[in-house]
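> need the 3D shape of this:
(4 chains)
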Protein chains: 4
Amino acid sequence: MDVDKEYFSNINHRERAIFEGAISMGALFHQFIGTPVNKKTVNNLEIAIKESLELQPAIEKVKISIDLDKLDDAMTDFQYTSLTGDMLDVKIFSKVVDVLAIVRMKFIENINYPLMFIEDIIEEDTRKEDTMK
Amino acid sequence: MDVDKEYFSNINHRERAIFEGAISMGALFHQFIGTPVNKKTVNNLEIAIKESLELQPAIEKVKISIDLDKLDDAMTDFQYTSLTGDMLDVKIFSKVVDVLAIVRMKFIENINYPLMFIEDIIEEDTRKEDTMK
Amino acid sequence: MDVDKEYFSNINHRERAIFEGAISMGALFHQFIGTPVNKKTVNNLEIAIKESLELQPAIEKVKISIDLDKLDDAMTDFQYTSLTGDMLDVKIFSKVVDVLAIVRMKFIENINYPLMFIEDIIEEDTRKEDTMK
Amino acid sequence: MDVDKEYFSNINHRERAIFEGAISMGALFHQFIGTPVNKKTVNNLEIAIKESLELQPAIEKVKISIDLDKLDDAMTDFQYTSLTGDMLDVKIFSKVVDVLAIVRMKFIENINYPLMFIEDIIEEDTRKEDTMK
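Residues are numbered from 1 along each chain as shown, chains lettered A, B, ... in the order given. Here you go, the predicted structure:
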């Protein structure tokens, strides 16, 4: 079955890059929030999150950074805490043919919210290249 | 702060409707997969999933249906099972100004995958309406 | 297969009541933390959590209360927040034959931790009853 | 605050070792089920799961093994799948003072269930040692 033709012919490459990046960002938040974490385990947790999300359709690269100061602020008497949204800064690079969408999640203090938005969209202008030939 | 102006002026309404619907679909899958469920609890689980997702930005409505036959097939000796992706059929209605995106998740047997795609996008053609006045 | 005989003959009823209650408390925390919630959805979320956990082995009853003041404190500009451990007060009643264990989770401020502990264990003293006959 | 004295004086070391091990097993299942995984990412996922659970109270060691054949069986057209309970074989070593409880989760085919049970409990008989002096 040609999944692209069957299910994605109603949106363009730019829209699909946005779509796939957004799915993975929602997935990341709701899969990993609540995971026990401290400074010793934060690196390997970041690697596992990154690698698991990079398996999803169109996801080229995931950059994830867990804020060590906020990790410290949330520290319990048991020397670890649960991962929360305000600790996360994530960029997901989603590429569909000639369009790269960079989806970002970042905690915005004055709305008290881990906002997900499109940080950048880069489109290779293939028409221009063609014209210049 | 004007979140829309600050963070979403680089995408149009159609793209943002797709973006927000996709986030919520990724969220749904990764938040609720694994939840203990059987035929007696399936209704209230559907309600809780629906209501929680409808809180997210731009989400107007969520229709969720858990397949009772697949629930039966997965039944354990303890008379319940864990919610899995193949049991779910979901439509998320995401509306941004004049664009409604219907994001669907449906298990596609021949790719063995709970595929997320855009089932439909409905745009009110406001220009046409203006012209006709 | 006789699961009890095969897998649980190395612990007594009291120990198994503790065991099953503890599993369900760990399950509850890590399944539902991160769920979008506000005051309008909190009741149905509590019902879904309660019903899903009551399906697990030995779990007779789950009492769950989400702290509305803490929900308020965590409110975002989008009029909902993510469920966190400090909002939860839970009692899980786990019964194995003649022993009822009440497992509690409660946020303890001065250790900044959602502590899980045994609130009470009630054993029907069947030997005494036999003796008194 | 002396958490042990305040909250755990109603159970003995053996019971608490069982309690803490069971919490972590419930946590593991419900935190990580649903994570995208394939053969390339399975090792780092195992490490992240192991490290995060080893942070919890009393947990000395976690041994986790994801079944590669079952991973293969569940493979989708997108070259990954979601982690499910039947793929997991886990041992959690929970130690409280002189008692080590080994909590196991293992998928039991003929009940179609990822059963959690106590594989072994090892108690150092400190009284005997004292007597022998």
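
> please count neighbours and contacts with C-alpha atoms only from this point.
Will do.

> next to chain B, which bits of chain A? Give me the list.
Taking CA under 8 Å from any CA of the partner chain as the contact definition, chain A meets chain B at A:1, A:7-8, A:10-11, A:15, A:18-20, A:22-31, A:110-111, A:117-118, A:120.

> show me the residues you listed that map onto strands.
When those are checked against strands (DSSP state E), the matches are A:Phe117, A:Ile118, A:Asp120.

> most neighbours, which of the residues you listed?
Within these, most neighbours by other CA atoms under 10 Å in any protein chain shown means A:Phe117, with 24 neighbours.

> I figured that residue hits B:Lys5, correct?
No: A:Phe117 is beyond contact range of B:Lys5, at 11.6 Å (criterion: CA atoms under 8 Å).

> export stretch A:52-59 as CSV, just CAs?
The C-alpha atoms that make up stretch A:52-59 are tabulated as CSV, following Å, rounded to 0.1, in the frame of the first residue of the first chain:
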residue,chain,number,x,y,z
SER,A,52,12.5,6.7,20.5
LEU,A,53,11.0,9.8,18.9
GLU,A,54,13.4,9.7,16.0
LEU,A,55,11.7,6.4,15.0
GLN,A,56,8.5,8.1,14.2
PRO,A,57,7.5,9.0,10.6
ALA,A,58,9.4,12.0,9.1
ILE,A,59,11.4,12.7,12.3
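
> in contact with A:Asp67, which residues?
Counting by CA atoms under 8 Å, 6 or more residues apart in numbering or on different chains, A:Asp67 touches A:Met87, A:Leu88, A:Asp89.

> and the angle from the longest helix along chain A to helix D:13-32?
Ranked by residue count, the top helix of chain A under DSSP state H comes out as helix A:13-32. If you take axes from the mean of the first three to the mean of the last three CA atoms, to 10 degrees, helix A:13-32 sits at 170 degrees to helix D:13-32.

> from the contact counts, what lies against helix A:13-32?
helix A:42-53, strand A:59-66, strand A:88-96, strand A:99-108, strand A:113-123, helix B:13-32, helix D:13-32 (3 or more CA pairs under 8 Å, 6 or more residues apart in numbering or on different chains; DSSP states H and E).

> next, the buried residues of the second one.
The reference is to strand A:59-66. By 16 or more other CA atoms under 10 Å in any protein chain shown, the buried positions in strand A:59-66 come out as A:Ile59, A:Glu60, A:Lys61, A:Val62, A:Ile64, A:Ile66.

> check what pLDDT the fifth one gets.
Read that as A:Ile64. Among the per-residue scores, A:Ile64 shows a pLDDT of 98.

> number of residues surrounding A:Gly26?
24.

> same thing with A:Pro57?
By other CA under 10 Å, the residues close to A:Pro57 number 18.

> spatially central residue for chain A, please.
The centre of chain A sits closest to A:Ile92, judged by CA atoms, centre = their mean, with a distance of 3.3 Å.

> quick check: it touching A:Ala58?
No: A:Ile92 lies out of contact with A:Ala58 (CA under 8 Å); the separation is 10.1 Å.

> A:Val96 bridge partners, please.
Counting by DSSP bridges, A:Val96 is bridged to A:Val99.

> OK, contacts around it?
The contact partners of A:Val96, by CA under 8 Å, 6+ apart, come to A:His13, A:Arg14, A:Arg16, A:Ala17, A:Ala58.

> alongside chain C, which residues does chain A contribute?
A:Phe29, A:His30, A:Ile33, A:Gly34, A:Thr35, A:Ala74, A:Met75, A:Thr76, A:Asp77, A:Ile111, A:Asn112, A:Tyr113.

> one more pass at 10 Å, please.
A:29-36, A:74-78, A:80-85, A:109-114 (CA under 10 Å from any CA of the partner chain).

> turn the buried ones among the residues you listed into a named PyMOL selection, would you?
In PyMOL, this line selects whichever of those come out buried by 16+ other CA under 10 Å:
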select buried, chain A and resi 29+30+31+32+33+34+35+36+74+75+76+80+81+82+83+84+85+113+114
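
> low-scoring stretches of chain A, by residue?
A:126-133 (pLDDT under 70).

> what is in contact with A:Ile92 and A:Ala58 at once?
Common contacts of A:Ile92 and A:Ala58 (CA atoms under 10 Å, 6 or more residues apart in numbering or on different chains): A:Glu20, A:Gly21, A:Ser24, A:Leu100, A:Ala101.

> so which of those wins on neighbours?
For those, the largest number of neighbours (other CA under 10 Å) sits with A:Gly21, at 34 neighbours.

> wait, that one touches B:Met25, no?
No: with contact defined as CA atoms under 10 Å, A:Gly21 does not reach B:Met25; the gap is 11.8 Å.

> any residues in contact with both of the two?
Jointly contacting A:Gly21 and B:Met25 under the rule CA under 10 Å, 6+ apart are A:Ala27.

> around chain D, which positions in chain A sit nearby?
A:1, A:3, A:27-28, A:30-38, A:40-57, A:77-82.

> can you redo the helices and strands packed on helix A:13-32 as JSON lines with distance to D:Met105?
Formatted as JSON lines, the helices and strands packed on helix A:13-32 follow (distance: least, CA to CA, whole Å):
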{"stretch": "helix A:42-53", "distance to D:Met105": "22"}
{"stretch": "strand A:59-66", "distance to D:Met105": "30"}
{"stretch": "strand A:88-96", "distance to D:Met105": "31"}
{"stretch": "strand A:99-108", "distance to D:Met105": "35"}
{"stretch": "strand A:113-123", "distance to D:Met105": "35"}
{"stretch": "helix B:13-32", "distance to D:Met105": "21"}
{"stretch": "helix D:13-32", "distance to D:Met105": "7"}
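
> so which of those gets nearest D:Asp125?
Proximity to D:Asp125 (CA to CA) singles out helix D:13-32 among these, at 12.0 Å.

> got the angle between the closest one and strand C:99-108?
Angle, helix D:13-32 to strand C:99-108, by the same axes, to 10 degrees: 60 degrees.

> got the angle between helix D:13-32 and strand D:59-66?
In terms of direction (the same axes, to 10 degrees), helix D:13-32 departs from strand D:59-66 by 40 degrees.

> can you show me the CA trace of helix D:13-32 as PDB?
The C-alpha coordinates for helix D:13-32 follow below in PDB (Å, rounded to 0.1, in the frame of the first residue of the first chain):
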ATOM      1  CA  HIS D  13      11.400  -5.100  56.600                       C
ATOM      2  CA  ARG D  14      10.300  -8.000  54.500                       C
ATOM      3  CA  GLU D  15       6.900  -6.400  53.900                       C
ATOM      4  CA  ARG D  16       8.500  -3.100  53.000                       C
ATOM      5  CA  ALA D  17      10.900  -4.700  50.500                       C
ATOM      6  CA  ILE D  18       7.900  -6.300  48.800                       C
ATOM      7  CA  PHE D  19       6.000  -2.900  48.900                       C
ATOM      8  CA  GLU D  20       8.700  -0.800  47.400                       C
ATOM      9  CA  GLY D  21       9.600  -3.400  44.700                       C
ATOM     10  CA  ALA D  22       5.900  -3.700  43.700                       C
ATOM     11  CA  ILE D  23       5.500   0.100  43.400                       C
ATOM     12  CA  SER D  24       8.400   0.300  41.000                       C
ATOM     13  CA  MET D  25       7.200  -2.600  38.900                       C
ATOM     14  CA  GLY D  26       3.800  -1.000  38.500                       C
ATOM     15  CA  ALA D  27       5.600   2.300  37.700                       C
ATOM     16  CA  LEU D  28       7.800   0.700  35.100                       C
ATOM     17  CA  PHE D  29       4.900  -0.900  33.200                       C
ATOM     18  CA  HIS D  30       2.700   2.200  33.100                       C
ATOM     19  CA  GLN D  31       5.400   4.800  32.500                       C
ATOM     20  CA  PHE D  32       7.100   3.100  29.500                       C
END
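
> so which elements touch the helix or strand following that helix?
Next helix or strand after helix D:13-32 toward the C-terminus (DSSP states H and E): strand D:36-37. Other elements packing on strand D:36-37 under the criterion 3 or more CA pairs under 10 Å, 6 or more residues apart in numbering or on different chains; DSSP states H and E are helix A:13-32, helix A:42-53, helix D:42-53, strand D:81-82.

> good, we can wrap up now.
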